[in-house]
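[1] Could you look at this predicted model? Sequence included:
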Amino acid sequence: MKWFYISAAAALVGALGGCGGGGGGGGGGVPFPILPAATLSVTVLVNGSSATANGDGKYSVKPGDVITVTPNLGSDWTSTSDPAGSVSLRNPDISSTKWSAQIANNTNSASLFTVSAKATSNAALTKDTVFNVAAGDARNLSYKVFATNGSQQTLALNFDTMSYVMTDETGVAASDSFSADASQSGSYVFKSSRNTAAANNSRFRLTTDTVVGSFPFQVAQVPGSYAVQPFIGARTTVTTQSALDGVYNRLGINLRPGVLDSQIRQVQVTGGGTSLLLCNEVGITSIAACPPASIATYSISAGSSAGSWSTVNVTNANDRGAFSVILVGGKNVYLSAGINSVAPNDSIFRIGLVDSPTWLNTTARGGDNNGTWGTFGFDATTYTAALTKADGTVSNVSYGLNAASASIPALKLINSAGTDRYFAIQDGSLSVVVGARSNPASGYLQIGLVP
C-alpha cells in the first residue's frame, strides 16, 4: 500500500492563560478552554457535483466518472480495490488537500474502491471513502495488433474513459483519447499528437473479438517518422495446431526505407498444422495447380508465445518466419508481421483469407497505407471506393474486376487495363486489396471490415 504524501503547512493554534491578580486578596486565573477532539472529515464530488452516500455509507459511481475527495485536514492518501486490481485511475490529481481521478473498471463486474485519508499532522486520524463502481463496458478489451508497418503491438481500448493505449514491441506506449465518428456510424477516431494531417484518418471499427483500423505507426525502419497505416487486431489467436489447417489466399507487402513491394501468393497449412506449402510460380497459381518444383515447404512448430507459430524452410534453415491465425466471423485469417529473416531483411506484413470457390458482393470500411479512410464496394464485376485523403478531399474510384488466376477464383484483379493495378480478396467479413508488383501501386495495402 503506497501513501501519496505532500506536506502541508501546519496551523498554529494558541491559547492564552490568565495569571492571578495582586493585592487585596487574589482571585484565581482564567482556566484553559476544553477544545473538542479533532476529527478528519471529507466532502465528495462526482463529475464536479456534490455526491451523497447511500444508506450503507458508500457512493455509487460508474466507470468514467471523475471522483474528488477533499479533506478538512491536510492528508496522505492510499487507495485499494476489491477485487484487487479491478479499478485503475486515469489522470490522477493527488495532493495533501485533494484526491481526484477518473475511475476505470477493468472488469465486467461491479467492484469496490476505497480511498483512504490519513491526517498528515496526526496519523491517528483516518477516513475511508468507499465507492460502489459499476461494471466496466464489455468493449474494454486488449487486442494483439498486426500492423502493416511490419510490427506487432498491443491495443487496449477503454470505452468508459474513451481512451486507448497502443504499446509497441519495445514497450513504448502511445496513449490518448478516442471519440465516436459523427460521419460514420460504428467508427471511432483516435486522437494522437502524431497526427499532423488536415484530416484525421486514424480510426477503428469493431466486430466480435476483432478490431480493424488505421493508426499513426512508425514508418517501417525509419525511427521518429510516423504515418497513418492499417492494422488488424484480435483478442485471441488459434492455439490448437490442427486448427491452423486451410488454404489461404495471402496478400502482403515488403517495406524498407525507399522501397515498397507486394506479394500475392496462395499458401496451404496442412498435416494438422505441421507444414506450410507456398507456391513460388511467377504467375499466381493455386497450390493444387502448382508444379511440385515450385512449391516451397516449411515446417511449423509452436512459437515464442501462445498462438504464435514458427516456420522454417525445410531446404534452407535461414529462411524462417512466424505467423498467427485468428478467427473473424468464424473464419480463419492468416496474419504475419515482422522482419524477414532473409536479406535484405524487409519489414513484412501478410494477411490471408481462406480460399473459396465463390466471390461475394460486400461493402467494407477501413483504411490504406496512403493514409486514407473510406468505404469499399465489391460485386461480380466492379470495385468501388470513396476515400477521404489526408488533406480532407474525397477520391471516388470505380474499376472493373477480372479473374486474376484461373486456379484461384476468390482472387480478383482490379483495373486490369490501367496503369495502377491491384489484387483483391474478401470473405464476407474482411476485404484486402494489395497493389500489383512492378507497377505504380506496388506496396499499396488496404484492409476493410464488413459491417
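    Received it, and whenever you're ready, just let me know what you need. Numbers count the residues shown, from 1 in each chain.

[2] ok, and the closest non-adjacent residue to Asn280?
    Distances taken as CB to CB, 6 or more residues apart in numbering put Ser294 closest to Asn280, at 4.9 Å, once the chain neighbours are dropped. (Each C-beta comes from the backbone N, C-alpha and C, glycine too.)

[3] got the end-to-end distance for stretch 341-355?
    Distance between the two ends of stretch 341-355: 27 Å, counting by CA to CA, to the nearest Å.

[4] can you check stretch 118-137 too?
    End-to-end distance (CA to CA), stretch 118-137: 33 Å.

[5] how far is it from where the chain is centred?
    Its chain's C-alpha centre and that of stretch 118-137 lie 32 Å apart, by CA atoms, centre = their mean, to the nearest Å.

[6] Please apply the same query to stretch 160-172.
    Worked out by CA atoms, centre = their mean, stretch 160-172 lies 6 Å from the chain centre.

[7] Now it - C-alpha only, CSV.
    Output of stretch 160-172 as CSV, limited to C-alpha atoms (Å, rounded to 0.1, in the frame of the first residue of the first chain):
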residue,chain,number,x,y,z
ASP,A,160,-15.8,4.1,-20.2
THR,A,161,-12.9,6.7,-20.3
MET,A,162,-12.9,6.8,-24.1
SER,A,163,-9.2,6.3,-24.0
TYR,A,164,-6.6,3.9,-25.6
VAL,A,165,-3.1,2.7,-25.2
MET,A,166,-1.1,1.4,-28.2
THR,A,167,2.1,-0.4,-27.0
ASP,A,168,4.8,-1.4,-29.4
GLU,A,169,7.2,-4.4,-29.3
THR,A,170,9.8,-2.4,-27.2
GLY,A,171,7.2,-1.4,-24.6
VAL,A,172,6.9,2.2,-25.8
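
[8] buried sites along stretch 180-197?
    181, 184, 187-190, 192, 194-195 (16 or more other CB atoms under 10 Å).

[9] Return the member of these nearest to Phe146.
    Closest approach between those and Phe146, by CB to CB: Phe190, at 17.0 Å.

[10] Now do the same contact list for the nearest residue to the closest one once chain neighbours are set aside.
    The shortest distance from Phe190 to any non-neighbouring residue, by CB to CB, 6+ apart, is to Ser202 (4.0 Å). For Ser202, the contact set (CB atoms under 8 Å, 6 or more residues apart in numbering) comprises 189-190, 192, 195, 213-216, 228.

[11] repeat for Asp128
    Asp128 makes contact with 114-117, according to CB under 8 Å, 6+ apart.

[12] try 6 Å
    Shown in contact with Asp128 (CB atoms under 6 Å, 6 or more residues apart in numbering): 114, 116.

[13] same question, Leu251
    Neighbours of Leu251 in contact, by CB under 6 Å, 6+ apart: 264, 432, 434.

[14] Pipe those residues into CSV and attach distance to Gln152 per row.
    Listed next are the contacts of Leu251 as CSV, based on distance: CB to CB, whole Å:
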residue, distance to Gln152
Ile264, 22
Val432, 18
Val434, 20
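
[15] In contact with Gln391, which residues?
    That one is not Gln; residue 391 is Asp. Ala198.

[16] if I look at it, how far off is Asn200?
    Going from Asp391 to Asn200 by CB to CB, to the nearest Å gives 12 Å.

[17] what's the domain layout of the protein?
    Domain ranges of the chain: 42-133, 137-357, per automatic domain parsing.

[18] I'd like those domains as a markdown table, with distance to Gly371 and mean pLDDT appended.
    Shown next, in a markdown table, are the domains of the chain (distance: least, CB to CB, whole Å; pLDDT from 0 to 100):
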| stretch | distance to Gly371 | mean pLDDT |
| --- | --- | --- |
| domain 42-133 | 29 | 97 |
| domain 137-357 | 4 | 97 |
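
[19] any chance of the ones you listed in a markdown table, with distance to Gln426 too?
    Below are those laid out as a markdown table (distance: least, CB to CB, whole Å):
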| stretch | distance to Gln426 |
| --- | --- |
| domain 42-133 | 33 |
| domain 137-357 | 7 |
